[in-house]
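Participant: All I have is the shape, not the residue letters:
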């Protein structure tokens, strides 16, 4: 009996120590090194989100939970491996003297292995002969999308767009993919998309590859699993088996496609702005209510439970939209 009581006490101490450590790390992810401003409600919301992310695959009809498993399978005749820094060299100008430094830095980031605390990063290199296609996916921590304290980081991720000149490329099962046209002299084509602003996808392909040649790389992209693994889900995303290639459309179809993307991108931007305003108002109310400092003050200082981000409404059609200079998440409908 004494041993049992002792074991329970030891377990309670270990669990308490883990929660304290996890709380401090969550505050760091949220940009609050001293844990000030991160309330118990925010922490629990983020903790439950992370637990859900770990167990999501078991509850999602066999969908993968690891980011690497959500990336495309190699098309026929292609092989795949982990990317290395030298993989980006064929996409740079033959002479980097006088080349756009911002563009060089952007491409070099494709093969960076370092990432922030709690961030999952995967970069794969697909090869066939002398051609290489790089695909990078980054999934940011749930705490950024559940904590008022991380509102700034969340807004920055939501606002990420084309670095150079964005143009609509395709829509894959409701996910809009934009091509970011690189400056003159670069030997690659850069594409990007994001899922709920939490997963960011970048694709770098040889400049000589045509649009139709790139379609197989997106056909096996597991959009539905990506959508299931983020906080701000898009209802129906990944469930509509439609791939729309902008360059393959007739003029009238393309105009309608672009207009639809722009309209829904504007609606999405308005919703995100409303979410930020509501979060800032709630955070201001918490700050006005007062609270202690340090760990206990941060842990128990919140007086109101945090609202869970509401899922976006699904659209009725299978066409998708984006902004004029960047990709936004796609709202799709399913039966």
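Facilitator: Right, received. Where do you want to start? Since this is a predicted model, take the numbers as computed values, not measurements.

Participant: Which SSE is immediately downstream of the strand or helix carrying residue 80?
Facilitator: Secondary structure assignment for residue 80, by DSSP states H and E: strand 79-82. As assigned by DSSP H and E, the chain's next helix or strand after strand 79-82 is helix 101-108.

Participant: got the buried residues for that next one?
Facilitator: The neighbour-count check on helix 101-108 (16 or more other C-beta atoms under 10 Å) flags 103-104, 106-107 as buried. All C-beta spots, glycine's among them, are computed from the backbone N, C-alpha and C.

Participant: contacting residues for residue 132?
Facilitator: 87, 90, 125-126, 206 (C-beta atoms under 8 Å, 6 or more residues apart in numbering).

Participant: Indicate each strand paired with the helix or strand hosting it and its parallel or antiparallel sense.
Facilitator: Here residue 132 sits within strand 131-139, counting by DSSP H and E. When pairing is defined by DSSP bridges, strand 131-139 lines up against strand 120-128 (antiparallel), strand 199-206 (antiparallel).

Participant: now, of those, which is deepest in the fold?
Facilitator: strand 199-206 (a mean of 22; mean count of other C-beta atoms under 10 Å).

Participant: Now tabulate the strands paired with strand 131-139 in JSON lines and tack on distance to residue 176.
Facilitator: Formatted as JSON lines, those follow (distance: least, C-beta to C-beta, whole Å):
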{"stretch": "strand 120-128", "distance to residue 176": "21"}
{"stretch": "strand 199-206", "distance to residue 176": "11"}
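
Participant: Kindly reformat the ones you listed as CSV containing distance to residue 191 and mean pLDDT.
Facilitator: Below are the strands paired with strand 131-139 laid out as CSV (distance: least, C-beta to C-beta, whole Å; pLDDT from 0 to 100):
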stretch, distance to residue 191, mean pLDDT
strand 120-128, 14, 97
strand 199-206, 4, 97
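
Participant: Out of the ones you listed, flag the one nearest residue 220.
Facilitator: Residue 220 lies closest, by C-beta to C-beta, to one member of the strands paired with strand 131-139: strand 120-128, at 11.3 Å.

Participant: got the contact list for the closest one?
Facilitator: Contact with strand 120-128 is made by 67-68, 71-72, 74-75, 77-84, 87, 110-113, 115, 132-139, 217, as judged by C-beta under 8 Å, 6+ apart.

Participant: re earlier: between helix 101-108 and the strand holding residue 132, find me the angle.
Facilitator: Per axes from the mean of the first three to the mean of the last three C-alpha atoms, to 10 degrees, the angle that strand 131-139 makes with helix 101-108 is 90 degrees.

Participant: taking the mean pLDDT, what do you get for strand 131-139?
Facilitator: Average pLDDT, strand 131-139: 97.

Participant: do stretch 211-231 as well
Facilitator: Mean predicted confidence for stretch 211-231 is 95.

Participant: tell me how far the ends of it are from each other?
Facilitator: 32 Å (C-alpha to C-alpha, to the nearest Å).

Participant: quick one: buried residues of that stretch?
Facilitator: By 16+ other C-beta under 10 Å, the buried positions in stretch 211-231 come out as 214, 216-218, 221-231.

Participant: So residue 92 sits against residue 99, correct?
Facilitator: Yes: using C-beta atoms under 8 Å, residue 92 is in contact with residue 99, at 7.2 Å.

Participant: Kindly give a single PyMOL line that selects the buried subset of the contacts of strand 120-128.
Facilitator: Here is the PyMOL command that selects the buried residues among these (16+ other C-beta under 10 Å):
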select buried, resi 67+71+72+74+75+78+80+83+87+110+111+132+133+134+135+136+137+138+139+217
